[in-house]
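Q: Okay, here's the prediction I keep looking at, along with the sequence it came from:
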Amino acid sequence: MFATQPAQALQEVPQESTPSETFLETQVLTPNDGLKEKLPPVQARPEKHILKNPPLLKFRQRSIPLLPLKTYQTAPELGSGETVVPEDAQADKVFDLNIQYVNGKIRNPAKGEEYYDNVYLRAYVGTETSVENPYVAPTIDEVYPGDTVRINLQNNLPLDANCNEEENNTFHCFNSSNLHGHGLWISPAGNSDNVLVSINPEESFTYEYNIPDDHPAGTFWYHPHRHGSTAAQVASGMAGALIIRGNRAPQWVESSNDFINGDIDTLLSGLDDMQEEVLVLEQIQYACGQNDDGSINWDCSGTTGKIEYGNFDFSPSYWGESGRYTSINGEVIPTIEANQGQIQRWRMIHAGVRNTISLEFRKKVDITSNYLKLAASEADSWSQENCTGDPIDYYIIAEDGLTRSPAWKTNLTTLQPGYRSDALVVFPEAGDYCVIDTSAPASATVNSTVESRQLLAVVEVSEGSEVTDIDSYMKDKLIQAAKNSFDGKVEERVVRNLENRLKLALFEPHPQITDEEVAHTHKQEMAFFIDTSTTPTQFEVSNGIGSSFDPKPYDPNRIDRKLKLGDAEEWVLTSYFVNHPFHIHVNPFQIVKIIDPNGKDVSVPGAIDGDPNQPDPEYPGLKGVWKDTILVKEGYAVVVRTRYERYIGDFVQHCHILDHEDQGMMQNISIVPASEFSH
Ligand SMILES: [Cu+2]
């Protein structure tokens with residue numbers, strides 16, 4: 001007996017790579033039976049990697065006496081005795097998270113359909129982290145408003161003789177770390193969301209996040225934020241989802257004759273078969289030392305990819321040169337399974353460092369050409385030839401974890417580093433769809449360079465319910481969900497809102513900041529700048545714009561802005577040198593307007609931003625939306641408002657191109673009580 005070998009599939013797999021053989025079709029033949037020549041050659045099918053959500057980080061829970069849930073936004077009467085307290089509300093949850101080196105493999109389609117580069121990278125390892133995909137952190141989930149979250153962070157990286165704690169605004173101390181809960185509305189002080197501490201090798205630290213009971217439910221994430229090693233660690237895949245769940249339905253309060261807003265989760269739980277996908281999008285930029293001319297060697301054949309001092313650097317062109325793919329939950333071009341007509345909630349997190357993602361879904365033609373054997377540079381033409389369907393519409397229900405109203409209907413979403421986007425997606429036909437990171441003009445991207453198309457994933461849609469018109473299908477499904485979830489006045493209002501362009505007004509997390517609220521407070525100005533006239537180049541932030549422009553690199557010993565607890569203020573954000581995503585910790589902001597260099601507000605729905613032949617779609621529709629990260633394009637003025645609520649302490653705002661942050665594009669901010677405040 002012998003088995004035929006589909007040698008063509010194996011010959012391109014070098015020795016150091018371990019191909020998975022489960023995909024090989026073998027045919028058993030009897031020797032000398034003469035059939036061998038008559039059989040068609042065996043076709044090797046590429047091994048599909050079905051996308052799974054990242055593993056959940058296990059937690060231990062301590063029961064504490066339950067109190068009735070505090071109410072949301074405004075306080076109705078307490079003590080009616082009718083409040084139902086879910087068993088999972090207001091608990092004390094303990095997570096263990098280790099940082100260590102992990103040997104692993106990352107698929108490299110440029111070298112063949114089953115080729116994997118060997119890599120050796122720092123990673124978050126939880127108690128049950130999947131060994132298959134170490135380079136996505138486990139999800140911190142089942143966290144509810146009112147919970148206390150304790151994270152025992154253990155740094156098991158080796159001591160680093162090259163680490164000089166005195167260095168500042170350079171890439172340094174790659175084995176030192178800490179933890180940031182990106183987007184969480186919690187205290188920045190002490191052992192809460194404090195990124196101004198360094199947790200060094202062989203040290204541990206327990207972070208304690210007291211999630212307030214009026215915290216919005218939504219998609220947040222966590223990553224290291226130690227100044228000097230942030231980019232190196234996040235670019236290694238050290239990023240995970242942090243999901244706050246909510247079970248507060250909107251309420252009608254007779255006494256105030258008004259509604260109290262609730263969690264979008266309570267509407268979506270009324271959908272009969274919704275599927276939830278957590279997609280952590282990462283850009284793991286491993287390299288293999290240097291070439292003779294001193295340039296970075298991206299070819300890791302016969303060696304192991306790393307992110308270390310010798311081969312770690314960033315420039316706008318490196319992501320393209322590296323040939324790396326944006327991965328999803330640690331997988332390169334995974335297959336996502338869906339049913340026709342099934343609504344999916346995609347919780348997307350841009351945890352990458354250096355490439356804008358412009359997300360499109362297009363029907364794929366039935367072809368044999370293999371997308372798992374494709375250099376990243378070939379993905380553009382491959383996508384144009386094979387993903388020929390019109391882009392389908394989908395609905396963004398939250399930006400940066402915060403529910404937006406109305407749901408934003410689009411066929412192209414822009415995710416910049418740090419952004420989250422919650423989309424309701426429904427695939428109208430059975431068959432395959434391409435998930436494409438489509439091309440974008442230089443003016444729209446985080447690299448300020450033109451980006452070509454990339455293939456992120458393929459969705460395999462099996463036959464299900466027929467969808468003739470996505471718009472009415474989505475509306476009908478959500479209205480049915482509202483009827484399943486709510487009754488009385490709440491049901492009536494939610495349904496009426498959904499009928500009006502899918503308004504989600506009863507699920508918005510924060511009351512809008514009015515003109516009156518900011519009429520008598522200070523105006524903040526912020527400008528990003530890169531000074532290329534100095535050696536080395538300086539990455540800077542200015543507290544003033546125009547004639548007050550005075551950019552400075554980060555100084556850990558300087559407080560750049562002192563803000564008064566309880567104030568709401570308007571900020572004008574701009575950039576005097578290329579595009580940078582602005583991120584501020586603790587309090588989110590509401591977008592008031594975005595003024596282009598010609599003075600036009602491009603945040604209004606339907607605005608044309610830039611070249612009318614290829615307009616940038618990322619700003620139109622953002623007026624009034626709450627976020628914690630926003631791209632600030634060179635020469636634009638992004639006007640936002642924010643409240644300094646509840647929390648005092650020191651924290652940061654910075655550029656979310658994390659290598660810019662490490663090199664100085666960051667400021668210290670301090671919120672103080674009124675008694676300590678002076679201009
Ligand atoms: Cu920047």
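A: Ah, there it is. Residues are numbered from 1 along each chain as shown.
Q: burial of His320, as a residue count?
A: Careful, residue 320 is Gly; it's not His. 18 (other Cβ atoms under 10 Å). Any C-beta I mention is one placed from the backbone N, CA and C, and that applies to glycine too.
Q: mind listing the helices for the stretch 351-500 of the chain?
A: 379-386, 470-485, 488-499 (DSSP state H, counting those that start in this stretch).
Q: same deal with the chain?
A: Using DSSP state H, the helices found in the chain span residues 7-10, 230-234, 264-268, 318-322, 379-386, 470-485, 488-499, 515-518, 658-662.
Q: interface residues of this structure facing the ion?
A: Residues of the chain lying close to the ion (Cβ under 5 Å from the ion) are 580, 655, 657, 660, 665.
Q: I figured the third one hits His580, correct?
A: Looking back up the chat, that one is Ile657. Yes - look at Ile657 against His580 with Cβ atoms under 8 Å: they come within range, at 6.1 Å.
Q: neighbour count winner among these two?
A: Set Ile657 next to His580 and count neighbours by other Cβ under 10 Å: His580 wins out with 31 against 26.
Q: so how far is Pro428 from that one?
A: Distance, His580 to Pro428, using Cβ to Cβ, to the nearest Å: 38 Å.
Q: State the pair within the residues of the chain next to the ion that is farthest apart.
A: With distances taken as Cβ to Cβ, the most widely separated pair in those is Ile657 and Met665, at 7.7 Å.
Q: Now do the shared contacts for those two.
A: Common neighbours of Ile657 and Met665 (criterion: Cβ atoms under 8 Å, 6 or more residues apart in numbering): His580.
Q: quick one on the thing from earlier: quick one: which of the helices of the chain is nearest Asp531?
A: helix 658-662 (12.3 Å).
Q: okay, now Glu166: neighbour count?
A: With other Cβ under 10 Å as criterion, Glu166 counts 5.
Q: ok, it to Cys173 distance?
A: The gap separating Glu166 from Cys173 is 10 Å, by Cβ to Cβ.
Q: Also Gly664?
A: Gly664 sits 15 Å away from Cys173 when distances are taken as Cβ to Cβ.
Q: So for the two, which residue has more residues nearby?
A: The residue with more neighbours, out of Gly664 and Cys173, is Gly664; 26 against 21, by other Cβ under 10 Å.
Q: Show the contacting residues for that one.
A: Taking Cβ under 8 Å, 6+ apart as the definition of contact, the neighbours of Gly664 are 168-169, 538-540, 553-554.
Q: Could you single out the nearest of those residues to the ion?
A: Taking Cβ to the ion as the measure, the ion lies nearest Phe539 of those, at 6.9 Å.
Q: still on that earlier bit, quick one: which of the helices of the chain is nearest Asp422?
A: Here helix 264-268 is closest among the helices of the chain (Cβ to Cβ), at 8.1 Å.
Q: Report all helices and strands that the closest one contacts.
A: helix 470-485 (3 or more Cβ pairs under 8 Å, 6 or more residues apart in numbering; DSSP states H and E).
Q: I'd like the domain boundaries of this structure, if you could list them.
A: For the chain, whose domains are defined here by automatic domain parsing, the residue ranges read 1-45, 59-66+88-246, 515-676.
Q: which one of the ones you listed has the most crowded surroundings?
A: Mean neighbours per residue, mean count of other Cβ atoms under 10 Å, is largest over the domains of the chain for domain 59-66+88-246, with a mean of 20.
Q: end to end, how far does it reach?
A: The straight-line separation of the ends of domain 59-66+88-246 (Cα to Cα, to the nearest Å) is 18 Å.
Q: ok now that domain, how far from the chain's centre?
A: Averaging C-alpha positions (Cα atoms, centre = their mean, to the nearest Å) puts domain 59-66+88-246 14 Å from its chain's average.
Q: One more: stretch 318-329?
A: On the basis of Cα atoms, centre = their mean, stretch 318-329 sits 16 Å off its chain's mean C-alpha point.
Q: How about stretch 273-293?
A: Here the centre of stretch 273-293 is set off from its chain's centre by 12 Å, with Cα atoms, centre = their mean.
Q: What count of nearby residues applies to Arg347?
A: Arg347 sits with 23 neighbouring residues when counted by other Cβ under 10 Å.
Q: Asn339 contacts Val467, correct?
A: No - Asn339 is beyond contact range of Val467, at 10.9 Å (criterion: Cβ under 8 Å).
Q: show me the contacts for Phe507.
A: Residues near Phe507 by Cβ under 8 Å, 6+ apart: 250, 261-264, 267, 403, 405.
Q: Kindly give the local confidence score, pLDDT, for the closest residue to Thr127 other than its chain neighbours.
A: By the measure of Cβ to Cβ, 6 or more residues apart in numbering, the closest residue to Thr127 outside its immediate chain neighbours is Lys58, 4.7 Å from it. With respect to pLDDT, Lys58 has a value of 83.
Q: cool, the one 4 residues further on as well?
A: Note on Arg62: pLDDT of 65.
Q: And Gly262, by the same measure?
A: Gly262 is assigned 96 on the pLDDT scale.
Q: For burial, what's the neighbour tally of it?
A: With neighbours defined by other Cβ under 10 Å, the count for Gly262 comes to 25.
Q: What residues does the residue in the stretch 101-250 of the chain that the ion sits nearest to make contact with?
A: Proximity to the ion, evaluated over the stretch 101-250 of the chain using Cβ to the ion, is greatest for Ala231 at 10.8 Å. For Ala231, the contacting residues are 171, 314, 353, 658-659, 661-662, by Cβ under 8 Å, 6+ apart.
Q: Residue ranges in the stretch 51-200 of the chain under the pLDDT threshold?
A: 62-90, 128-131 (pLDDT under 70).
Q: quick one, strands of it?
A: Counting by DSSP state E, counting those that start in this stretch, the stretch 51-200 of the chain has strands at residues 59-62, 92-107, 116-125, 140-143, 148-155, 180-182.
Q: can you redo those as TSV with distance to Leu502?
A: Rendered in TSV, the data for these read as follows (distance: least, Cβ to Cβ, whole Å):
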stretch	distance to Leu502
strand 59-62	35
strand 92-107	34
strand 116-125	36
strand 140-143	27
strand 148-155	32
strand 180-182	27
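Q: Return the residues in contact with Val652.
A: For Val652, the contact set (Cβ under 8 Å, 6+ apart) comprises 195-196, 584-585, 666-669.
Q: Tell me which of those fall in strands.
A: The strands in this structure, assigned by DSSP state E, contain 584, 666-669 from the contacts of Val652.
Q: Tell me the one among those residues nearest to the ion.
A: With Cβ to the ion as the yardstick, the closest approach to the ion among the ones in strands among the contacts of Val652 comes from Met666, at 9.7 Å.
Q: so that closest one sits right up against Pro556, yeah?
A: No - Met666 is beyond contact range of Pro556, at 9.4 Å (criterion: Cβ under 8 Å).
Q: What spatial separation is found between Gln653 and the ion?
A: Separation of Gln653 from the ion (Cβ to the ion, to the nearest Å) stands at 12 Å.
Q: This completes my enquiry, with thanks.
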